[in-house]
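Visitor: Pasting the sequence and the predicted coordinates here, then a few questions.
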Amino acid sequence: MSLITFSSKYETNFIVEGFDNLKKCPVSFREHESSSTHREIKVKFDYIHKARNVKEEVTKQNTDEKAIRREILVKQLRALRYLARQGLAIRGKKEGDGNFEQLQYILGETCPQYQQWFKSKDYQSPTILNEQIKLLGNTLLREKLKQIYGAKWFSILAVETRDIANREQLSISIRWADDDFVVFEDFIGLVELTDTSAQTIYLSIKDVLIRLSLSLENCRGQAYDGASNFMGKENSK
C-alpha cells in the first residue's frame, strides 16, 4: 500500500482546459495558491523531496563507511606484509601477546577509526588472517613469475625438510638470471609429501611447474639436497 495518496480533486484550467483569457490568469493563480488542492500537493511534494534527500544521505553514508573500511583493511594488510617481510610470528602464545595485535594497538593510537576496527575483531580470525597472508604471497609470486617468464630459462632447486610437526616437506626454489646475468634464487613454496619416494617427489615438482606455467622444456638445471633416492638413471627420468 502506498504511503502517499492523492485526492481526486483537480482544477481543469491547469491540466485540461487551459485559459482563453490571459487577464484572468493572475486571479486564477492567487485562488489556486490558497486552495486546498494546492496545499495538499505542496505538502506531499515536500514529503517526497525530503524522503529522497534522506535516501541520498543514507546512500552517501554507506559509501563513506565502505571507503573508510576499505582503507583500514589496506592498513591491516600492510601490517601483515610487514610482519611477513621481517619473518616475525603473527600470533603469540596468549591472546593479546602476538606481534600482529601489538602492531594493531600502535596503529590504533594514531587512528581512532582503526582502533574501533581492531576492537570489533572484523577480519581478524586466524582463518581470515591466513587467507590474507596467502593472497599477499600470491601477489608477490605473480610479480616474481613475470620476471622468470622474461628470463625464460631456469633451474629447479628442491630440498627435503621437516616442519615442527615432523611432516615431510619439499622446499622448491627457482634459479634464473636476468639480461645483465645477475643470478636470482627465489623461493616458490613448500609442498607436503605423502612419502619421500622418487616418484612422489617428481610428481610434486611437476605439479608445481604446471601450476606456475613453467615449461620443463625451459629447465636447464636441477639440484637436490637430501634426495638421495633420485640417484640412478631410472629415478632421474
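Guide: Looks like it came in fine. As the structure is a prediction and not an experimental result, all values here were calculated from the model.
Visitor: Got phi/psi on residue 154?
Guide: Phi and psi for residue 154, reported as degrees, to the nearest 10, are phi -150, psi 170.
Visitor: check contacts around it.
Guide: Contacts for residue 154 (Cβ atoms under 8 Å, 6 or more residues apart in numbering) come out as 148, 174, 175, 176, 214, 218, 219, 220. For the C-beta atoms, the positions are set from N, CA and C on the backbone; glycine is no exception.
Visitor: Bridged to it, which residues?
Guide: residue 219 (DSSP bridges).
Visitor: what do you get for the one 4 residues further on?
Guide: With DSSP bridges as the criterion, residue 158 is bridged to residue 172, residue 224.
Visitor: ok so, going back, of the contacts of residue 154, which qualify as buried by neighbour count?
Guide: 148, 174, 175, 176, 214 (16 or more other Cβ atoms under 10 Å).
Visitor: Just give me the closest of these to residue 78.
Guide: Minimum distance to residue 78 across these is 25.9 Å, recorded for residue 148 (Cβ to Cβ).
Visitor: ok, back up a step: how about TSV for the buried ones among the contacts of residue 154, with pLDDT, distance to residue 129 and secondary structure added?
Guide: Converted to TSV, the buried ones among the contacts of residue 154 look like this (pLDDT from 0 to 100; distance: Cβ to Cβ, whole Å; DSSP: H, G, I helix; E, B strand; the rest coil):
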residue	pLDDT	distance to residue 129	secondary structure
148	91	28	helix
174	93	27	strand
175	93	31	strand
176	92	31	strand
214	90	29	coil
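Visitor: Just confirm residue 191 contacts residue 208, I think it does.
Guide: Yes: Residue 191 sits in contact with residue 208 when judged by Cβ atoms under 8 Å, with a separation of 6.4 Å.
Visitor: can you list residues touching both of those two?
Guide: Shared contacts of residue 191 and residue 208 (Cβ under 8 Å, 6+ apart): residue 172.
Visitor: rewinding a little: which pair in the buried ones among the contacts of residue 154 has the greatest spatial separation?
Guide: 175 and 214 (12.1 Å).
Visitor: which SS class is residue 191?
Guide: strand (DSSP: H, G, I helix; E, B strand; the rest coil).
Visitor: List the beta-bridge partners for it.
Guide: Where residue 191 sits in a bridge, its partners, by DSSP bridges, are residue 170.
Visitor: Can you get me a residue count around it?
Guide: For residue 191, the count of nearby residues is 18 (other Cβ atoms under 10 Å).
Visitor: per-residue confidence for it?
Guide: Listed pLDDT for residue 191 reads 87.
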